[in-house]
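A.B. asks: Have a look at this prediction, sequence included:
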Protein chains: 2
Amino acid sequence: MKTMHGPSVALCFVLALPAFAQDPLPSWKDTAPKKAIVAFVEEVTQETSRKFVPPAERIAVFDNDGTLWAEQPLYFQLAFALDRVKALAPTHPEWKDKEPFASLLGGDVKGALAGGEPAIVQIIMHTHAGMTAEEFETIVKEWITTAKHPVTHKLYTEMVYQPMLELLAYLRRNGFKTFIVSGGGIDFMRPWVEKAYGIPPEQVVGSSIRMKFEMRDGKPVLVRLPELNFLDDKEGKPVGIQQHIGRRPIAAFGNSDGDLQMLQYTAAGSGARFCLYVHHTDGEREWAYDRTSHVGRLDQGLDEAKTRGWTIVSMKDDWNAVFRK
Amino acid sequence: MKTMHGPSVALCFVLALPAFAQDPLPSWKDTAPKKAIVAFVEEVTQETSRKFVPPAERIAVFDNDGTLWAEQPLYFQLAFALDRVKALAPTHPEWKDKEPFASLLGGDVKGALAGGEPAIVQIIMHTHAGMTAEEFETIVKEWITTAKHPVTHKLYTEMVYQPMLELLAYLRRNGFKTFIVSGGGIDFMRPWVEKAYGIPPEQVVGSSIRMKFEMRDGKPVLVRLPELNFLDDKEGKPVGIQQHIGRRPIAAFGNSDGDLQMLQYTAAGSGARFCLYVHHTDGEREWAYDRTSHVGRLDQGLDEAKTRGWTIVSMKDDWNAVFRK
């Protein structure tokens, strides 16, 4: 035994080393948010912990726009819709004289969106409905792999946040099941989130339009109808969580007032809970906005996070990197 | 090396033995359905197979009533609702003079259900809404662990089908993700299906009523409203699959015409596909019914299964056991 002692200890040391040496969140600075995340994960995963949570109940929910990827100068799904309007214009000659399409096609995005929600709904319904589920998937896949962001000129999927990718992977390595719970369209996200975030389609919750089962030439298809089915925003998020997941999450991540009810609902469960707001404070590397922004407004949520001691991440102060490397 | 040869071969043999000796589907007779299941699983899981399917795409969907557990003499969820009417009667004195409640409370179930769908909807809405999601979960859990079936006097969860439990486990061991896609209530199933079938709440698709997020004494709750949200039956099943799962299944299991569109939708994808109907042919051990039954009618589906060569399981001829052991 004695001759074995030295080498086996050395072997243990070598094998153990990577676990200690490897930082699971290298793009997070060693500031309070990172410490809070690691402390929470250890608290719920160590079997001797009073707050241990069985793996099946380790549900973590993430908003998408502004939390996992950027959302300025306008929601990326809206950029997709605008591109679709342009692509479809030749088959819709009537759009030349009809708002919001006329402004849009004239290059006046602001003018088109001045119509507010009704204008946006019109654009979404004309660009997201009227085809089968499979056809829409193909359209989204084509756009997401070719369209470029107007400011950074990156692919949109290159504008996912590196620290959040590390966080998703870290949680999954610790037995968490990670879900997206977004106000964005569920079928707009599904074609690309598995590759971008490692989140499979069945773990995506989002807004949706109605669909209809139909036989076309003897082949069953799902037709997308120009009618809202579910709005997964604000009060809708906890409802979407219950409908899709059926369990209350133990951790929730958002960036805007649209996520507040999801964080409240998560926080209200018993046992260990973790709520985090990403605060857009980095006008250099990304965008700086909060209480008065039209996109991703964070006002009431910021106050509540401070009052309740939720974790607030300052992108400027707490992240070493912003976009995917 | 030579001295090692003998023992290591013996060791391999011993280690390999259980894999050959163990029948993954012991309650299935060695008839055509079992052979078809095993052939399909091997076809999609062997990496050298032309029809290999990556694990992420191995989605299998199961109807619940009549496919995973029994459904006679009436859907078990309806038995739950009737029990709830009795339990709630003291707080609803007006029910004494109001149908369908009056008949029900007088012990005349047939008379109560004679009102057809509107009567059933009334019963469901009065017994499934008006409480929070958590309160409803508690009610279901209490009922499912105590209520007994009127004919077998078993717990309802003892009336799940042993061969289907083996099939679920066999598929999961082969990398499949198993989902329930049922016309039954999503929140009626979730409290017990994880224990009964090993299917977690987030893999349950079903019919649902609307819910509302609300603050009660500063605590966020989800209130169940007496209003249908989604009917997950017939044409609804493929829609429910797309909304919840976002991928077309490669295998589908049902027992009634209510499952036909789900099987059609599954069959219409490319690559290897497997569709199976459980046919209730065993009047001795279970119930024998199909084309003319009010519960779980299998008529059009039976014809289509024969035409298209889907697998049809005769409970009498193809199963060694019926209920959970």
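C.D. replies: Structure's in. What do you need? Residues are numbered from 1 along each chain as shown, chains lettered A, B, ... in the order given.
A.B. asks: check which helix or strand covers the residue lying closest to A:Leu263 once chain neighbours are set aside.
C.D. replies: If the residues on either side of it in the chain are set aside, A:Leu263 comes closest to A:Cys275, at 4.4 Å by CB to CB, 6 or more residues apart in numbering or on different chains. Heads up, the C-betas are built off the backbone N, CA and C, glycines and all. Applying DSSP states H and E as the criterion places A:Cys275 in strand A:274-279.
A.B. asks: Off-centre distance for the very next helix or strand once past that strand?
C.D. replies: Following strand A:274-279 in sequence order, the next helix or strand is helix A:300-308 (DSSP H and E). On the basis of CA atoms, centre = their mean, to the nearest Å, helix A:300-308 sits 21 Å off its chain's mean C-alpha point.
A.B. asks: Please find the angle between the direction vectors of helix A:300-308 and strand A:274-279.
C.D. replies: Interaxial angle of helix A:300-308 relative to strand A:274-279 (axes from the mean of the first three to the mean of the last three CA atoms, to 10 degrees): 130 degrees.
A.B. asks: on contacts alone, who are the packing partners of helix A:300-308?
C.D. replies: Helices and strands touching helix A:300-308, as assessed by 3 or more CB pairs under 8 Å, 6 or more residues apart in numbering or on different chains; DSSP states H and E, comprise helix A:260-267, strand A:274-279, strand A:311-314.
A.B. asks: Turn these into JSON lines, columns for mean neighbour count, mean pLDDT and distance to B:Met211.
C.D. replies: As requested, these are arranged in JSON lines below (neighbours: other CB atoms under 10 Å in any protein chain shown; pLDDT from 0 to 100; distance: least, CB to CB, whole Å):
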{"stretch": "helix A:260-267", "mean neighbour count": "25", "mean pLDDT": "98", "distance to B:Met211": "12"}
{"stretch": "strand A:274-279", "mean neighbour count": "25", "mean pLDDT": "98", "distance to B:Met211": "21"}
{"stretch": "strand A:311-314", "mean neighbour count": "21", "mean pLDDT": "98", "distance to B:Met211": "28"}
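A.B. asks: Show me the one of these that comes nearest B:Asp259.
C.D. replies: When those are ranked by proximity to B:Asp259, the top entry is helix A:260-267, at 33.8 Å, counting by CB to CB.
A.B. asks: What strands line up against the strand holding A:Cys275, and which way round?
C.D. replies: On the basis of DSSP bridges, the sheet neighbours of strand A:274-279 come out as strand A:251-254 (parallel), strand A:311-314 (parallel).
A.B. asks: so how many other residues sit close to A:Met211?
C.D. replies: A total of 24 residues lie near A:Met211 under the criterion other CB atoms under 10 Å in any protein chain shown.
A.B. asks: what about the residue in the stretch 51-200 of chain A that chain B sits nearest to, which helix or strand?
C.D. replies: Of all residues in the stretch 51-200 of chain A, A:Arg190 sits closest to chain B, at 4.6 Å by CB to the nearest CB. Here A:Arg190 is covered by helix A:186-197, with elements defined by DSSP H and E.
A.B. asks: Now do that helix: distance to the chain's middle.
C.D. replies: For helix A:186-197 - counting by CA atoms, centre = their mean - the centre lies 10 Å from the chain centre.
A.B. asks: repeat for stretch A:155-170
C.D. replies: Taking the mean of its C-alpha atoms, stretch A:155-170 sits 10 Å from the chain's own mean (CA atoms, centre = their mean).
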